[in-house]
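[1] After the sequence you'll find the predicted model.
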Amino acid sequence: DSGVTQTPKHLITATGQRVTLRCSPRSGDLSVYWYQQSLDQGLQFLIQYYNGEERAKGNILERFSAQQFPDLHSELNLSSLELGDSALYFCASSPGTNLNIQYFGAGTRLSVL
Amino acid sequence: ELKVEQNPLFLSMQEGKNYTIYCNYSTTSDRLYWYRQDPGKSLESLFVLLSNGAVKQEGRLMASLDTKARLSTLHITAAVHDLSATYFCAVEPGNQFYFGTGTSLTVIP
């Protein structure tokens, strides 16, 4: 168990809908990362937060947004969903030190029908 | 366009044999990461290599980094079935992560 909790584990929704994925980092970790994994695109870095502030942005679509709250949990919001958004979404956390070892959650499998 | 290429994409090897997975990247990066992913599971961090010439070992796995050649290797010694998984490398230029395509390793008894 990595200590990173992601909910829900599975999500099935329809095109055009909006969903929210939630991530609770390991106790004490300040950084949260979001990734998307699909057969087409492989592993894609979406966004990173550090102690509530956005630190880096990767291949995140404008329809997607994220935030990190004062208690350090994070949410990834996906809107106007398309079939191609079906993927595994991973959250990872790290202490935010120079070493930057990441601990991954079990992921949320999103299916857009 | 930044590229992270892994070689080979698929690797089938017998138990007890040695092999090396290669990770080439096209941009400057002071850090390189290796991860393991079991089928249907999440990722597990294996190594973080922070500088040129860095070498790290954990059990039967040893990772090295040559930042001048923009090359990292993951060497597997005397493979065992438990090492069957997909291995990813990633670089982190400017706080963004770029992953390789992954190497799917199958160790055959």
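    Yep, that arrived. Here the structure is a predicted model, which means the values were calculated and not measured.
[2] When you work out contacts or count neighbours from here on, use the C-alpha atoms and nothing else.
    Noted.
[3] what does chain A have sitting close to chain B?
    Residues of chain A lying close to chain B (Cα under 8 Å from any Cα of the partner chain) are A:42-45, A:55-58, A:90, A:99-107.
[4] residues touching the nearest residue in space to B:C23 that is not next to it in sequence, list them.
    Sequence neighbours aside, B:Q6 is the residue nearest to B:C23 in space, at 4.5 Å (criterion: Cα to Cα, 6 or more residues apart in numbering or on different chains). By Cα atoms under 8 Å, 6 or more residues apart in numbering or on different chains, the residues touching B:Q6 are B:21-24, B:88-89, B:100-103.
[5] what about B:Q6, distance to chain A?
    Relative to chain A, B:Q6 is positioned 13 Å away (Cα to the nearest Cα, to the nearest Å).
[6] That residue sits in which helix or strand?
    Using DSSP states H and E, B:Q6 maps to strand B:4-7.
[7] Which elements pack onto the helix or strand that comes right after that strand?
    Moving toward the C-terminus from strand B:4-7, the next helix or strand (DSSP H and E) is strand B:10-14. On a contact count with 3 or more Cα pairs under 8 Å, 6 or more residues apart in numbering or on different chains; DSSP states H and E, strand B:10-14 meets strand B:103-108.
[8] mean confidence for the strand it packs on?
    In this model, strand B:103-108 has an average pLDDT of 96.
[9] Can it be said to contact chain A?
    No: applying Cα under 8 Å from any Cα, one finds strand B:103-108 out of contact with chain A, separated by at least 11.9 Å.
[10] how near is the nearest residue to A:Q68 once chain neighbours are set aside to B:I21?
    Computed as Cα to Cα, 6+ apart, the closest residue to A:Q68 that is not its neighbour in sequence is A:S74, at 4.2 Å. With the distance defined as Cα to Cα, to the nearest Å, A:S74 ends up 34 Å from B:I21.
[11] One more: A:Q68?
    As judged by Cα to Cα, A:Q68 and B:I21 stand 36 Å apart.
[12] swap in B:Q57?
    B:Q57 is 14 Å from B:I21, by Cα to Cα.
[13] Identify the residue nearest the geometric centre of chain A.
    The residue lying closest to the centre of chain A (Cα atoms, centre = their mean) is A:W34, at 3.2 Å.
[14] Okay then, goodbye and thanks.
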